[in-house]
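# prediction below, plus the sequence it came from.
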Amino acid sequence: MSGHSKWATTKHKKMAIDAKRGKVFTKIIKEITVAARIGGGDPAGNPRLRTVILKAKESNMPADNIKKAIQRGTGELPGVTYEEAIFEGYGPGGAALLISIMTDNKNRTVPEIRHLLSKHGGNMGEAGCVSWMFDKKGYIVIEGGKTGEDSLMTLVLEAGAEDMRRDGDNFEIITTPGDFEAVKSAIEKAGIPVAMAEVTMIPQNYIDLDDKTAEQVLRLVEALEDHEDVQNVYANLNLRDEILNKI
């Protein structure tokens, strides 16, 4: 697990920078629209929508944008219908990749993603080839020095967390997706700053690659994340500090 929280928080900070440029708004709007279409427009009864709205607010998305995205999802406003899919594949060095997409034209998106993978030394795999290596979990990072380890562990376990562990100077808290909100809320009510929090796909094991190959994987991940239909990219790559500092 070494380096995971550092990589996750680095990506989180990058997302915050991209949000200022408006780059992530389109992706979040898609998430809101799909969540509202599937589970209804009331956040109180739709945990997925509630989580995405929090993400939108963290990215400083205007409330009117959020409202309209919900209305497009519920059909109150006209809008595009997006299809969700998970593509699986491999990057350089055999790194496993899960690519989460939302698209209005899967026939267009599939060859484009396949091309990006091939261009950067990866390849598309069959359904199920790498998904078994990942678990869907709530994931919360607390920076070291913000609270005591014993008191934090007691707090999060009582709130329903599955596990808490150290990753360098950080504390990682793992939950089921269903318990994510309750654990996050308990931490915030205790006045403990949260460095990042999300429901994500966590690898069961990590692969170590040499620096050159690791950088190739990162360039592939970045290229995939820049695609308009890609929502998230998950990889089982273990990153050393020297590589992270180059991101």
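Here it is on my side, so go on.
# phi, psi for A235 please.
The phi and psi values for A235, taken as degrees, to the nearest 10, are phi -140, psi 150.
# and it, how many residues sit next to it?
Neighbours of A235 under the rule other CB atoms under 10 Å: 25. Placement of C-beta: from N, CA and C, glycine included.
# again with G148
If you count neighbours by other CB under 10 Å, G148 ends up with 11.
# repeat that for the one 10 residues further on.
Neighbour count of E158, defined by other CB under 10 Å: 10.
# doesn't it lie inside a helix?
Yes - counting by DSSP: H, G, I helix; E, B strand; the rest coil, E158 falls inside a helix.
# nearest spatial neighbour of it, skipping sequence neighbours?
In this structure, E158 finds its nearest non-sequential neighbour in A186, 7.6 Å apart by CB to CB, 6 or more residues apart in numbering.
# end-to-end on stretch 151-165?
End-to-end distance of stretch 151-165 (CA to CA, to the nearest Å): 13 Å.
# swap in stretch 158-176?
Terminal residues of stretch 158-176 are spaced 14 Å apart (CA to CA).
# list the buried residues of that stretch.
Using 16 or more other CB atoms under 10 Å as the test for burial, stretch 158-176 gives A159, G160, A161, M164, D167, N170, F171, E172, I173, I174, T175.
# among those residues, name the ones in strands.
Using DSSP state E, the subset of these located in strands is M164, D167, N170, F171, E172, I173, I174, T175.
# ramachandran coordinates for the nearest residue to N238 once chain neighbours are set aside?
Of all residues not flanking N238 in the chain, Y206 sits nearest, at 3.8 Å (CB to CB, 6+ apart). Backbone geometry at Y206, expressed as degrees, to the nearest 10, gives phi -120, psi 150.
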